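1. A predicted structure for the sequence below; I have some questions about it.
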Protein chains: 2
Amino acid sequence: MAEAGREIAALIEQVARLPGLGPRSARRLVLFLLKRRGQTMLPLAQALERVARGARDCAVCGNISGAEVCDICTDPRRATGEICVVADVADLWALERGGTFRGRYHVLGGLLSALDAVGPEELRLPALAARVADDGITEVILALDATVDGQTTAHYIAEALEGTGARVTSLAQGVPIGGELDYLDDGTITAALRARRALD
Amino acid sequence: MAEAGREIAALIEQVARLPGLGPRSARRLVLFLLKRRGQTMLPLAQALERVARGARDCAVCGNISGAEVCDICTDPRRATGEICVVADVADLWALERGGTFRGRYHVLGGLLSALDAVGPEELRLPALAARVADDGITEVILALDATVDGQTTAHYIAEALEGTGARVTSLAQGVPIGGELDYLDDGTITAALRARRALD
Ligand SMILES: [Zn+2]
Ligand SMILES: [Zn+2]
């Protein structure tokens, strides 16, 4: 096929490499869009481009937003003394869907991992310590996966923040052993947040 | 959340409405893209827009391509006397993946259906009759789903083309009863094409 056929084939390949998709679902998806070029495909393309160009990593918390500092960090109705620490923006989104937490966040960008050789410098851990030291934080709530890496990271943070005066707590009840936060239903997350406990 | 948060949320809703996706897979997909804004999200957006603006329904066969007449219809190496009739562009793609058929296509845009009230005028059936009458077609190969609607459509075409001099054949061996063409593996499609038989 000539140019446009090649462009369609290339688009299908691009889509097939996205998570949760493969060659067959990519073909179906692209064909669905090709049949709705004006009312679905073009608006989707434009929304993707607008978001791709406008999105920023928040300079304070690491959330993805459209400004230098994100909407949560600048929301005056949210408590400034409580920081909820999450590994990933997906976890922040999950907590926001729960709607219970009214403080601010800190997105680490991953978890410490001996196996994957992820150390504190690869994550936003130095920034967390600086925030707690500078911003009058009274409580740091760790909302991390209940996995080995999550626990390693939790212990590292508890030690790093010792002596800062901030209480370090952790989601407790409701997070199943080995469970990943982003897979939990909103009610479980809310219950775990309410029943958070101090780390010993 | 302020503007960008709303734009991300709106994008997730758009993606969640696509076939094969839902709210959770849309969130994961959009977040995957948000983390790769430059190297994946923007190129994807631009490819989608380019294809959305450039794609056309071929005026001859109904295939989706980038020109008034598609690459297959204008390929001088492909036989002009054989037309393979398919319901949908997805079926054309499936046959092209098989790579056996070297004639041209005719995409109906669906199948006749009493239940869904799809009549000949809703499909590109008049255009097929005109093509066969005008273009010296010697064989019309029906590559239609082995379903009631597929058979209804096949019989309609066989009757409509009676007396035109074109032989009407149909994929036979290999298409399972009740099977939908787009779900078959390439080998089965190739075998069915080779063993095509004349409609009685
Ligand atoms: Zn922020
Ligand atoms: Zn064509």
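-> Arrived safely, thanks for sending. Keep in mind the model is a prediction, meaning the values are calculated, not measured. Ligands and ions are numbered 1, 2, ... in the order given.
2. mind listing what the spatially most central residue of chain A touches?
-> The residue lying closest to the centre of chain A (CA atoms, centre = their mean) is residue A:89, at 1.1 Å. By CB atoms under 8 Å, 6 or more residues apart in numbering or on different chains, the contact set of residue A:89 is A:62-64, A:107, B:31, B:34-35. All C-beta spots, glycine's among them, are computed from the backbone N, C-alpha and C.
3. now swap in residue A:142 and tell me
-> By CB under 8 Å, 6+ apart, the contact list for residue A:142 reads A:85, A:153-154, A:157-158, A:168-171, A:199.
4. can you give me the pLDDT of the nearest residue to it once chain neighbours are set aside?
-> Excluding the flanking residues, the one nearest residue A:142 by CB to CB, 6 or more residues apart in numbering or on different chains is residue A:170, at 4.4 Å. pLDDT, residue A:170: 84.
5. that older thread, select only the buried ones of the contacts of residue A:142 in ChimeraX?
-> Buried residues among the contacts of residue A:142 (16 or more other CB atoms under 10 Å in any protein chain shown), as a ChimeraX selection:
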select /A:85,153,154,157,158,168,169,170,171,199
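6. out of the contacts of residue A:142, which are inside strands?
-> A:85, A:168-170 (DSSP state E).
7. tabulate the contacts of residue A:89 (CSV), appending secondary structure and neighbour count.
-> Putting these into CSV (DSSP: H, G, I helix; E, B strand; the rest coil; neighbours: other CB atoms under 10 Å in any protein chain shown) gives the following:
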residue, secondary structure, neighbour count
A:62, coil, 23
A:63, coil, 24
A:64, strand, 22
A:107, strand, 26
B:31, helix, 19
B:34, helix, 19
B:35, coil, 17
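8. need the max-distance pair from those.
-> Pairwise distances across the contacts of residue A:89 (CB to CB) peak at 13.0 Å, for the pair A:62 and B:31.
9. which parts of chain A belong to which domain?
-> Listed domain ranges for chain A are A:3-54, A:64-198 (source: automatic domain parsing).
10. out of those domains, nearest to ligand 1?
-> Set against ligand 1 and scored by CB to the ion, these come closest in domain A:64-198, at 3.3 Å.
11. from what I see, residue A:23 and residue A:14 are in contact.
-> No - Residue A:23 is beyond contact range of residue A:14, at 11.7 Å (criterion: CB atoms under 8 Å).
12. leaving out the residues flanking it, which one is nearest to residue A:37?
-> Nearest residue to residue A:37, sequence neighbours excluded (CB to CB, 6+ apart): residue B:52, at 4.7 Å.
13. my bad, residue A:180
-> Of all residues not flanking residue A:180 in the chain, residue A:145 sits nearest, at 5.1 Å (CB to CB, 6+ apart).
14. tell me the contacts of that neighbour?
-> Contacts of residue A:145 (CB under 8 Å, 6+ apart): A:87, A:111, A:179-181.
15. quick one on the thing from earlier: you'd agree the residue nearest to residue A:37 is up against residue A:43?
-> No - using CB under 8 Å, residue B:52 is not in contact with residue A:43, being 9.0 Å away.
16. between those two, which one's more packed in?
-> Using other CB atoms under 10 Å in any protein chain shown, the more surrounded residue of residue B:52 and residue A:43 is residue B:52, with 21 against 13.
17. count of residues packed around residue A:19?
-> Residues within reach of residue A:19, counting by other CB under 10 Å, total 10.
18. contact residues of chain A facing ligand 1?
-> Counting by CB under 5 Å from the ion, chain A comes close to ligand 1 at A:58, A:60-61, A:63, A:70, A:73.
19. now restrict those residues to buried residues only.
-> Buried by 16+ other CB under 10 Å: A:58, A:60-61, A:63, A:70, A:73, out of these.
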